[in-house]
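Asker: Attaching a predicted model along with its sequence, questions to come.
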Amino acid sequence: MKSQNFMKLNFPSKSVNEGFARSAVAAFCAQLDPTVEQINDIKTAVSEAVTNCIVHGYRDTFGIIYITATITDSTVTVKIADRGVGIEDVGRAMQPLFTTDPNGERAGIGFAVMQSFMDSVKVRSTPGRGTRVVMTKKIKPREQNVVTA
Amino acid sequence: MANVEFEMKNSQLKIYISGEIDHHSAFSIKDVIDAQILSRSPQIAVMNFEKVTFMDSSGIGLILARYKFCQQCGTSLYVQGLSSQTQRVLSLAGIKTIREITSQESKI
């Protein structure tokens, strides 16, 4: 078993939990000594994924959101899953500016934000079964950051 | 949680937002902002983000929807004090009109 550390979070799809979820994942990642910007990237990506579960996965209902964060060496992997309605066409859903929100309050860039702020984003969805987003980000040791900056 | 405060001066409405803007908090402040714009009908509305400590794409949705709302009300909308992180989120929306708003912020 290569995995060094992990944590799991299960909570109901109430929007008030969005702040809790991103802060909890960020706090777990703090052991990798990330920069403020890296922590913000992770917080933003987690916030987008959790919001998707609430707004889309469990649109007219409540359900449980499942988060697993794993740290392997200097890479953090965050899995965020729901057992909601699922996505018919993942490719279409991931296109920037695609939104199903009729009120115009959603920008439709959630997946674009995740892809931009994390190193990799994978989405697996089964209509009627749910959606799982797996994101990774490598947190380089500080010395390397200074050299590459 | 996000908070919003207003200041009306010379037909200019300043909207000071503070705290964390996500889907949860954006939902609670959007109606407050719209009500102020509607009742005061300012020529210019300025959304100030200097005291915003976190913002995801819900904040972009908040700006976009207020921009459309202001157009209907005959109000010009400007944004101020966006952090570099927020500007990155904004650029992903790739919408020219919002860039114009940000580039015009120095006019205020």
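Answerer: Yep, that arrived.
Asker: Figure out the helix or strand that residue A:112 lives in.
Answerer: According to DSSP states H and E, residue A:112 maps onto helix A:110-117.
Asker: How many neighbouring residues does residue A:89 have?
Answerer: 11 (other Cβ atoms under 10 Å in any protein chain shown). Where you see a C-beta, it was placed from the backbone N, CA and C, and this is true even at glycine.
Asker: Can you give me the pLDDT of it?
Answerer: Confidence at residue A:89, expressed as pLDDT, is 89.
Asker: Tell me the spacing between it and residue A:27.
Answerer: Distance of residue A:89 to residue A:27, computed by Cβ to Cβ, to the nearest Å: 35 Å.
Asker: Then residue A:18?
Answerer: 15 Å.
Asker: Settle it for me: which of the two has more neighbours?
Answerer: Per other Cβ under 10 Å, whichever of residue A:18 and residue A:27 has more neighbours is residue A:18, with 25 against 11.
Asker: Contacts only, for that one.
Answerer: Under the criterion of Cβ atoms under 8 Å, 6 or more residues apart in numbering or on different chains, the neighbours of residue A:18 are A:47, A:50, A:51, A:54, B:22, B:23, B:24.
Asker: Take those residues and keep only those in helices.
Answerer: Counting by DSSP state H, the part of those found in helices is A:47, A:50, A:51, B:23, B:24.
Asker: mind listing what the closest residue to the second one other than its chain neighbours touches?
Answerer: Distance criterion Cβ to Cβ, 6 or more residues apart in numbering or on different chains; nearest residue to residue A:50, sequence neighbours excluded, is residue A:21 at 4.7 Å. Counting by Cβ under 8 Å, 6+ apart, residue A:21 touches A:9, A:11, A:46, A:47, A:50, A:65, A:67.
Asker: at 10 Å what do you get?
Answerer: Residue A:21 is in contact with A:9, A:11, A:43, A:46-47, A:49-51, A:53, A:65, A:67, A:80, B:22, counting by Cβ atoms under 10 Å, 6 or more residues apart in numbering or on different chains.
Asker: Would you mind naming the helix or strand containing it?
Answerer: Judged by DSSP H and E, residue A:21 forms part of helix A:17-29.
Asker: list the buried ones in that helix?
Answerer: Buried residues in helix A:17-29, counted by 16 or more other Cβ atoms under 10 Å in any protein chain shown: A:17, A:18, A:19, A:21, A:22, A:24, A:25, A:26, A:28, A:29.
Asker: Stretch A:85-97 too?
Answerer: Residues of stretch A:85-97 classed as buried: A:85, A:86, A:87, A:93, A:94, A:96 (neighbour count, 16+ other Cβ under 10 Å).
Asker: same thing with stretch B:52-66?
Answerer: Using 16+ other Cβ under 10 Å as the test for burial, stretch B:52-66 gives B:52, B:54-66.
Asker: Secondary structure class of the most centrally placed residue in chain B, three-state.
Answerer: Residue closest to the average C-alpha location in chain B (Cα atoms, centre = their mean): residue B:47, at 3.6 Å. At residue B:47 the chain is in strand, as set by DSSP: H, G, I helix; E, B strand; the rest coil.
Asker: isn't it right up against residue B:60?
Answerer: No - Residue B:47 is not in contact with residue B:60 according to Cβ atoms under 10 Å; the separation is 11.8 Å.
Asker: Which positions in stretch A:69-83 come out as buried?
Answerer: Neighbour-count burial for stretch A:69-83, counted by 16+ other Cβ under 10 Å, picks out A:69, A:70, A:71, A:75, A:76, A:77, A:78, A:79, A:80, A:81, A:82, A:83.
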